[in-house]
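Asker: Please work out how this folds:
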Amino acid sequence: MAPKRTSTSAAPAINQVAIRQLIDDRVAAANMENTDNINRNPEPKETHAVRKCTYNEFMSCQPFYFNGTKGAVGLIPWFERTESVFSCSNYTEDYKVKFSTGTLTEDALSWWNSYAKPIRIEQANKIAWSEFKRLLTNKYCPRTEVKKMEDEFYNLVVKGNDLKTCARRF
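Answerer: Numbers count the residues shown, from 1 in each chain. Sure thing, here's the model as predicted:
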């Protein structure tokens, strides 16, 4: 038979109602302290103002240029580098399309101009970055090209021990 527990404390046992009341009292006291603290320190906290980004600052981060001739092989690194520049510089959504289109050249620039001209460049620059990426992907990474690259990748065969040559190929 297990030994019975005995309490050495003379304090009476606390029931659930008493515990809830203690918690409510402490929460109310903490809220009052916070309110008093706000009233004693009315000065606003220092916040960093969002500053307007410039195209020169964007270009100083050395984004890649995209000409549209390499398809998915050129577009994916362009996306990665451009998004890296956006991330490092904390660019807001309204500058992403406007600044990134400045790195389009040749065929890609012609494509962008043909897209932007009917709706005006100001309106075209207002599209979301995700929509811009979707448009570029549809144009320069057609599903047929991606499928062809996947098939080539899945059918790779290493001849001998020349892994470096195989890796360089992709």
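
Asker: Tell me which residues of stretch 104-115 come out buried.
Answerer: Neighbour counts over stretch 104-115 (16 or more other Cβ atoms under 10 Å) mark Leu104, Ala108, Leu109, Trp111, Trp112, Tyr115 as buried. Every residue, glycine included, has its C-beta placed from N, CA and C.

Asker: Could you single out the nearest of the residues you listed to Gly68?
Answerer: Closest approach to Gly68 among these (Cβ to Cβ): Ala108, at 3.5 Å.

Asker: spatially speaking, which residue is in the middle of the chain?
Answerer: Ser87 (7.5 Å; Cα atoms, centre = their mean).

Asker: what's the helix or strand for it?
Answerer: According to DSSP states H and E, Ser87 maps onto helix 72-89.

Asker: what element comes up after that helix heading to the C-terminus?
Answerer: Immediately after helix 72-89, counting by DSSP H and E, sits helix 93-100.

Asker: what about the helices in this structure?
Answerer: With DSSP state H as the criterion, the chain has helices at 16-40, 55-60, 72-89, 93-100, 106-119, 121-124, 129-140, 143-154, 163-169.

Asker: weakest of those helices in terms of mean pLDDT?
Answerer: Mean pLDDT values for these show the minimum at helix 163-169, a mean of 70.

Asker: Can you mark which positions in that one are buried?
Answerer: Residues of helix 163-169 classed as buried: none (neighbour count, 16+ other Cβ under 10 Å).

Asker: Lys98 reaches Asn125, doesn't it?
Answerer: Yes. Taking Cβ atoms under 8 Å as the definition, Lys98 is a contact partner of Asn125 at 4.2 Å.

Asker: Please list all residues in contact with Gln62.
Answerer: Contact analysis of Gln62 by Cβ atoms under 8 Å, 6 or more residues apart in numbering lists Val85.

Asker: How confident was the prediction at it?
Answerer: In this model, Gln62 carries a pLDDT of 88.

Asker: Quick check on it: phi, psi?
Answerer: Per-residue torsions, Gln62: phi 60, psi 60 (degrees, to the nearest 10).

Asker: Can you give me the distance of it to Arg120?
Answerer: 30 Å (Cβ to Cβ, to the nearest Å).

Asker: How about Ser89?
Answerer: Going from Ser89 to Arg120 by Cβ to Cβ gives 27 Å.
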